[in-house]
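Trainee: just need the structure, nothing else, for what follows:
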Amino acid sequence: MKKLTLSICFLLSVLGVSAQNRKHIANFSLFQQYFNPALTGYEGSMVKTFYRNQWTGFEDAPRTIFASVELDQADLSAWRKADVLKTRETDAYSRQAGAKHAWGLSVLHDSFGPFAQTQVNLSYGSRIRLSESLSLRVGVATTYDIQRLNGNKLVVDQEGDQEFAGYLGTENRVSKFDVNLGAMLTGEDFYVGYALQDITKGALSSGDAFMEGTYTIQHVVQAGYRTALSEQVGLVANGIFRYDSHQKETTEVQAKAVFQNIIWAGAGYRHNLAYTLNAGLRLNQFRVGYVHEIPTGDAAIKRNTSEFMVTYNLLPVKYPKLGKKVTMW
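Mentor: Now for the predicted structure:
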């Protein structure tokens, strides 16, 4: 493997205003609640996980592991009545109906050379029916974030540079509490909404100074649409726009074809950073998928990225073989 050496310019970008690096998830359409707490429980009670291996072939390149569990109150009520982990042969309640509640817990661990980050996210979402076909979802999340810098693994171009003397050979750590807020308008076949992440901008942080001045509010806009093209094939499109005052904007879009609500394949584009190819399969309550990411434009390292995901519905749902209804994002 090639050793990933952090140049002074690159290290400045990491330790400077971009220290709170933006997490990219190629399968962002399947992990919506990470970006907006209003989408907690959007697809029911589920367990989700992904593993992202970035810049394949470099030692100490970025790696991300994510796991979450979401619990929908309507599912829990059905579970208690049956006293076993099962509900119905079909989706007996509409996810657009009534005022429902959902809770979520997610953990993300990211490592990159001498840096390591762990995030814990507790979220709550509620949906309020506006009409027969529309619902308003609102959500809030509290986050706990730990950033670590291992100076023993720090490699720089110029030995003895005083810019980094305080980091070399030392262990540095910062912890932070923060709040995310979001709102989402949803229908059976679409969603669109807006979220704010890290609202306090690191006001509730403590530890070493290497992250000082790097936190800022992050703005997230998400949208998705799905439709049946025929009795067998459906089309799903998703997009996300992210902005903060340090790293500016990032836009990503994705489209995929779905066959009988079982198999999907598609492609995506992250503006001036990467192209993606994705495919997946639903096996009863499981969904497994893979994304291959090809860097382009302003990507810092021209190495491909692999991302694997698995989701699991805690309660069985009978999926239609498409017809006029697409059931996945």
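Trainee: only C-alpha atoms, please: export the helix or strand hosting V291 in PDB.
Mentor: Secondary structure from DSSP states H and E places V291 in strand 286-295. This file holds the C-alpha atoms of strand 286-295, laid out as PDB (Å, rounded to 0.1, in the frame of the first residue of the first chain):
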ATOM      1  CA  PHE A 286     -33.100  -7.100   4.400                       C
ATOM      2  CA  ARG A 287     -31.700  -4.700   1.800                       C
ATOM      3  CA  VAL A 288     -28.100  -4.900   0.800                       C
ATOM      4  CA  GLY A 289     -26.300  -2.500  -1.500                       C
ATOM      5  CA  TYR A 290     -23.000  -1.400  -3.000                       C
ATOM      6  CA  VAL A 291     -21.800   2.000  -4.400                       C
ATOM      7  CA  HIS A 292     -18.600   2.400  -6.400                       C
ATOM      8  CA  GLU A 293     -17.400   6.000  -6.400                       C
ATOM      9  CA  ILE A 294     -15.100   7.500  -9.000                       C
ATOM     10  CA  PRO A 295     -13.400  10.800  -8.200                       C
END
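Trainee: each with direction, which strands does the helix or strand following it pair with?
Mentor: Counting by DSSP H and E, the element after strand 286-295 in chain order, helix or strand, is strand 305-313. Sheet pairing for strand 305-313, assigned by DSSP bridges, gives strand 46-53 (antiparallel), strand 286-295 (antiparallel).
Trainee: let me know the average pLDDT across the shortest one.
Mentor: The reference is to strand 46-53. Strand 46-53 shows a mean pLDDT of 96.
Trainee: likewise stretch 233-244?
Mentor: For stretch 233-244, the per-residue pLDDT averages 97.
Trainee: buried residues, stretch 199-217. List them.
Mentor: Of all the residues in stretch 199-217, those buried under the rule 16 or more other C-beta atoms under 10 Å are K201, G202, S205, D208, F210, M211, T214, Y215, T216. C-beta coordinates here come from the backbone N, C-alpha and C atoms, glycine included.
Trainee: next: stretch 56-66.
Mentor: In stretch 56-66, counting by 16+ other C-beta under 10 Å, buried: F58, D60, A61, P62, T64, F66.
Trainee: which residues outside that stretch are in contact with it?
Mentor: 1-4, 23, 25, 31, 34, 48-55, 106-114, 153, 301, 303-306 (C-beta atoms under 8 Å, 6 or more residues apart in numbering).
Trainee: what's the mean pLDDT across that stretch?
Mentor: 84.
Trainee: do the same with stretch 274-288
Mentor: 95.
Trainee: returning to that earlier point: chain center to the strand holding V291: distance?
Mentor: 13 Å (C-alpha atoms, centre = their mean, to the nearest Å).
Trainee: just stretch 128-146 next, same as before
Mentor: 16 Å.
Trainee: okay, that stretch in CSV with CA atoms only?
Mentor: Extracted in CSV, the C-alpha atoms of stretch 128-146 (Å, rounded to 0.1, in the frame of the first residue of the first chain):
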residue,chain,number,x,y,z
ILE,A,128,-48.7,15.6,11.5
ARG,A,129,-51.2,14.9,8.8
LEU,A,130,-52.0,17.9,6.7
SER,A,131,-54.3,16.3,4.1
GLU,A,132,-55.2,12.9,2.7
SER,A,133,-51.9,12.8,0.8
LEU,A,134,-49.6,15.2,2.7
SER,A,135,-47.8,15.1,6.0
LEU,A,136,-45.5,17.6,7.8
ARG,A,137,-42.6,16.0,9.7
VAL,A,138,-40.5,17.8,12.2
GLY,A,139,-37.5,16.6,14.2
VAL,A,140,-34.8,17.4,16.7
ALA,A,141,-31.5,15.6,17.5
THR,A,142,-28.9,16.0,20.2
THR,A,143,-25.4,15.0,19.1
TYR,A,144,-22.2,14.2,21.0
ASP,A,145,-19.0,14.3,19.0
ILE,A,146,-15.5,13.3,20.0
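Trainee: residues of it that come out buried?
Mentor: Quick answer for stretch 128-146 (16+ other C-beta under 10 Å): S135, L136, R137, V138, G139, V140, A141, T143, D145.
Trainee: what's the closest of those to T118?
Mentor: T118 has its nearest neighbour among the buried residues of stretch 128-146 in D145, at 7.3 Å by C-beta to C-beta.
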